[in-house]
Structures are given as C-alpha cells and as structure tokens.
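Peer 1: give me a model of this one.
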Amino acid sequence: MGLKSESVVQGEIIRYIKYVLHGWVIKVIRANERGCPDLIACIGGRCYGVEVKREEFKGDPYKQTSPWQRKQLAGISAAGGVSCTVATLLQFKDIYYGNEQY
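Peer 2: I've put the predicted structure just below:
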C-alpha cells in the first residue's frame, strides 16, 4: 500500500474528530484569508487549526508549510487555540493527547 494523499489523511482526521472525540470539524475549501488551515475544529471547548500534508512528509510536515500558513497557525496559537501541521492521523492524536508538537 502506497503513502496516503493529503485528502485521505484529512478524511481520517475528520472522522476521528467527529466519531471518536465527538468534536465539530470543517474542511476549509476556500477562505478569505491566505494560509487558512485545512481543518478547523472545536473539541471539548478548544479550537484547533490543523494543516494537513501528504503522508510522505511525516518526518517533518511543518517544513512544508508556506509563510502564509505559518502566519495563520501562529495566530491561532496566539489566541489560545491549538495549531499544528501533521501528515498522519497518529501525529494528530499525539498532539491532541499532548504527546508531541509538530
């Protein structure tokens, strides 16, 4: 089995947030701001901005973010939310459960 595409990883994370964590999540298709994260979620009263990259970048997904994406992720963090760039569902779980930062 090959490496997962960005859309496949996004789908896995969306399903996990909805059905396991019972959170609210949307996939951002088009936004009025450049660099908006792929997924915006609210889980247990906390806001998450999740930038998703292809699985092939799981070694360092943050390295693949654009300056605009980094600016938006920093804004989410500065406002008290959680922002991350991930390339696998496991990386998202690690961040959600407080095990690691990406």
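
Peer 1: which residues in the chain form helices?
Peer 2: Taking DSSP state H, the helices of the chain run over residues 6-15, 67-78, 89-96.

Peer 1: list the buried residues in the longest one.
Peer 2: Within helix 67-78, the residues scored as buried using 16 or more other C-beta atoms under 10 Å are 69, 72-73, 76. All C-beta atoms are positioned from the backbone trio N, CA, C, and that covers glycine.

Peer 1: for the last one, same thing?
Peer 2: If you call a residue buried by 16+ other C-beta under 10 Å, then helix 89-96 has these buried ones: 89, 91-96.

Peer 1: likewise for the first one?
Peer 2: For helix 6-15, the buried set under the neighbour-count rule, 16+ other C-beta under 10 Å, comprises 6, 9-10, 12-14.

Peer 1: what's in contact with the longest strand along the chain?
Peer 2: Longest among the strand segments of the chain by residue count, using DSSP state E, is strand 46-52. For strand 46-52, contacts defined as C-beta atoms under 8 Å, 6 or more residues apart in numbering pick out 6, 9-10, 13, 37-42, 61, 65, 69, 72-73, 76, 79-87, 92, 96.

Peer 1: tell me the gap between it and the middle of its chain.
Peer 2: Strand 46-52 has its C-alpha centroid displaced from the chain centroid by 5 Å (C-alpha atoms, centre = their mean, to the nearest Å).

Peer 1: just checking: what are the partner strands of that strand?
Peer 2: Paired neighbours of strand 46-52 in the sheet (DSSP bridges): strand 39-43 (antiparallel), strand 82-86 (parallel).

Peer 1: list the buried ones in that strand?
Peer 2: Across strand 46-52, burial judged by 16+ other C-beta under 10 Å covers 48-52.

Peer 1: many thanks, I have nothing further to ask.
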